[in-house]
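Colleague: For reference, the sequence and a predicted model appear below.
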Amino acid sequence: MQTVKMVVTGPFNSGKTQFIQSVSEIDVVSTERKISSDAERIKENTTVAMDFGRITVDAELVLYLFGTPGQKRFDFMWEILSEGMLGFVVMVDSTRPETFREAKSILETFRAYAPTPYVVAANKQDHDEAWPIEDLRIALRLAPEIKLIPCVATDKEKVKTVLLELLYSILAEMETS
């Protein structure tokens, strides 16, 4: 059986934990703790180490999903979680332009850890205030060949689409190396 380690990263409150919970076949192992700061206005808990989920694609392939903490004070976990990853997803909250620069910075950080395939998931595309994909591509300064995929982290099918796009990129890379 082949296992593929994928990392799901992005800014605080971009939807990483929900993304993994929507698709994992096991109860997600989560290290969420209560927030005691201004961030409380946005949500009550935050990931402090990682989230872990698993998906069996078929008899020969299992995906392991590792979600990173989004807050800068826990970024020491990013490099640890990136070890052995074959690809990563950068989650972007399409409704919060104030987080776009941070998402771009996180993307560059993970590219520096490992030159693996990646996709960008434009989360919360079901909200009225979500930025259109074309505008997000410009704001994030993504080249046309980078996969920027509309996503709703609570929608299992949309999450599967993002993961399949990443998996196709990983498999294509494996064939060329």
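Modeller: Sure, I can see it. Numbers count the residues shown, from 1 in each chain.
Colleague: what helices or strands is the helix or strand containing Lys160 leaning on?
Modeller: Element membership of Lys160 [criterion: DSSP states H and E] is helix 156-176. Of the remaining helices and strands, those touching helix 156-176 by 3 or more C-beta pairs under 8 Å, 6 or more residues apart in numbering; DSSP states H and E are strand 2-9, helix 16-23, strand 61-67, strand 87-93, strand 118-123, strand 148-150. Yep, even glycine has a C-beta here, placed from its N, CA and C like the rest.
Colleague: In CSV: those, plus mean neighbour count and distance to Thr161.
Modeller: Formatted as CSV, the helices and strands packed on helix 156-176 follow (neighbours: other C-beta atoms under 10 Å; distance: least, C-beta to C-beta, whole Å):
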stretch, mean neighbour count, distance to Thr161
strand 2-9, 20, 14
helix 16-23, 24, 10
strand 61-67, 21, 14
strand 87-93, 27, 11
strand 118-123, 26, 9
strand 148-150, 19, 6
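Colleague: Among those, which comes closest to Ser30?
Modeller: helix 16-23 (6.4 Å; C-beta to C-beta).
Colleague: Quick check: mean pLDDT of that closest one?
Modeller: Confidence over helix 16-23, taken as the mean pLDDT, stands at 95.
Colleague: Can you spell out which helices and strands pack onto that helix?
Modeller: Judged by 3+ C-beta pairs under 8 Å, 6+ apart, helix 16-23 is in contact with strand 2-9, strand 45-58, strand 61-67, strand 87-93, helix 156-176.
Colleague: and Met174, how many neighbours?
Modeller: 11 (other C-beta atoms under 10 Å).
Colleague: Tell me who's in contact with it.
Modeller: By C-beta atoms under 8 Å, 6 or more residues apart in numbering, no residues touch Met174.
Colleague: What does the pLDDT read for it?
Modeller: 86.
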